[in-house]
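Chemist: Curious how this folds, go ahead:
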Amino acid sequence: FKNIRQYFNLKIINFSKCGPLKDNNYQNLNLKKYDNFQLYLYLENSKEEIKKNLRKSYLSILKKKTINEIFTFNYETDDKKIWLDFKKLHFSESKKKTRSDKSWEKQFENLQKGKAIFLYSLEKNKLIAGSFFDLTSDESLYSVGVYNENARKKFISHYIQEKAIEEFKIRKIKWYFLGKYHPNIKDNVSKKEYNISFFKKGFSSKIINNFIVQI
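Modeler: Okay, the predicted model is just below:
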């Protein structure tokens, strides 16, 4: 890494281990390290054990069943318009274009190849919420989710997470990686990022500090 830094004339290189398992050799490296907390849910536990890890307020929400069904997108039978509506909803809620068209096309290709799943909710045949998850042989990754105001009022994000966990278990996936965890609001973390992190923590079972190492 030092040779790479010198070759490309870089000031610093940051890298981090990924994954839910601790690596003491990595953590004990005599290098400058920064906290990098990440959220995981262990999926090989029973449904009952997984529920014990959920935030109690979430369990109360899930029991209410404010919606009829969360759909799993099937590219062979579902109209691609559903995916395009998801893309439009993302633009509408973000108030700006935050991603390239090519990245959306790549995600749809991954759906076709079975490398991802897309869960969504409809109201009067109109898409109001959706989440996209990347898949490997033993890990799932929460990639992108978007919900309109009505979906947020009905806590549809919670129901999509519940459905996603069910889908992962059917596929015998071992770990669900929900993303980065921010234990506190700091100068470099927005309130939105902190709130998203807090939401995800309510579905996790393990917080791992995969240190960012700086060279």
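
Chemist: so where is this structure shaky, pLDDT-wise?
Modeler: The chain contains residues with pLDDT under 70 at 22-29, 187.

Chemist: Where do the helices of it begin and end?
Modeler: 2-7, 24-27, 47-53, 56-64, 80-94, 101-112, 149-153, 156-170, 191-201 (DSSP state H).

Chemist: which residues sit in contact with the residue nearest to the spatial centre of the chain?
Modeler: Closest to where the C-alpha atoms of the chain average out (Cα atoms, centre = their mean) is Tyr142, at 1.9 Å. By Cβ atoms under 8 Å, 6 or more residues apart in numbering, the residues touching Tyr142 are Ser131, Phe133, Ala164, Tyr176, Phe177, Leu178, Gly179, Lys200. From N, CA and C alone the C-beta is placed, and that goes for glycine too.

Chemist: Let me have those in CSV, adding distance to Leu31 as columns.
Modeler: Formatted as CSV, the entries for the contacts of Tyr142 read as follows, by distance: Cβ to Cβ, whole Å:
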residue, distance to Leu31
Ser131, 36
Phe133, 33
Ala164, 36
Tyr176, 30
Phe177, 24
Leu178, 27
Gly179, 25
Lys200, 28
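
Chemist: Go through the helices of the chain and pick out the most buried.
Modeler: Among the helices of the chain, helix 156-170 has the highest mean neighbour count (mean count of other Cβ atoms under 10 Å), at a mean of 20.

Chemist: Point out the other helices and strands that that helix packs with.
Modeler: helix 56-64, strand 116-123, strand 126-135, strand 139-147, strand 175-180 (3 or more Cβ pairs under 8 Å, 6 or more residues apart in numbering; DSSP states H and E).

Chemist: Adding distance to Lys17, write the helices of the chain out as CSV.
Modeler: Compiled in CSV, these are given as follows (distance: least, Cβ to Cβ, whole Å):
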stretch, distance to Lys17
helix 2-7, 18
helix 24-27, 5
helix 47-53, 23
helix 56-64, 29
helix 80-94, 30
helix 101-112, 24
helix 149-153, 34
helix 156-170, 22
helix 191-201, 20
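
Chemist: among the ones you listed, which is nearest Asn210?
Modeler: helix 24-27 (8.4 Å; Cβ to Cβ).

Chemist: ok so, going back, from Tyr159, how far out is the residue nearest to the centre of the chain?
Modeler: Note on Tyr142: its distance to Tyr159, by Cβ to Cβ, to the nearest Å, is 15 Å.

Chemist: before we move on, what about Asn14?
Modeler: 36 Å.

Chemist: rewinding a little: minimum distance to Ile70: which of the helices of the chain has it?
Modeler: Nearest of the helices of the chain to Ile70, taken as Cβ to Cβ: helix 156-170 at 4.1 Å.

Chemist: any idea of the angle that closest one forms with strand 139-147?
Modeler: Helix 156-170 and strand 139-147 are oriented at 160 degrees to each other (axes from the mean of the first three to the mean of the last three Cα atoms, to 10 degrees).

Chemist: Could you export helix 156-170 as PDB, CA atoms only?
Modeler: What follows is helix 156-170, C-alpha atoms only, in PDB (Å, rounded to 0.1, in the frame of the first residue of the first chain):
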ATOM      1  CA  ILE A 156     -43.700   0.700   5.100                       C
ATOM      2  CA  SER A 157     -39.900   0.700   5.500                       C
ATOM      3  CA  HIS A 158     -40.300  -1.500   8.500                       C
ATOM      4  CA  TYR A 159     -42.500  -4.000   6.600                       C
ATOM      5  CA  ILE A 160     -40.000  -4.100   3.700                       C
ATOM      6  CA  GLN A 161     -37.200  -4.900   6.100                       C
ATOM      7  CA  GLU A 162     -39.300  -7.700   7.600                       C
ATOM      8  CA  LYS A 163     -40.000  -9.100   4.200                       C
ATOM      9  CA  ALA A 164     -36.400  -8.800   3.200                       C
ATOM     10  CA  ILE A 165     -35.200 -10.800   6.200                       C
ATOM     11  CA  GLU A 166     -37.700 -13.500   5.200                       C
ATOM     12  CA  GLU A 167     -36.400 -13.500   1.600                       C
ATOM     13  CA  PHE A 168     -32.800 -13.800   2.800                       C
ATOM     14  CA  LYS A 169     -33.600 -16.700   5.000                       C
ATOM     15  CA  ILE A 170     -35.300 -18.500   2.100                       C
END
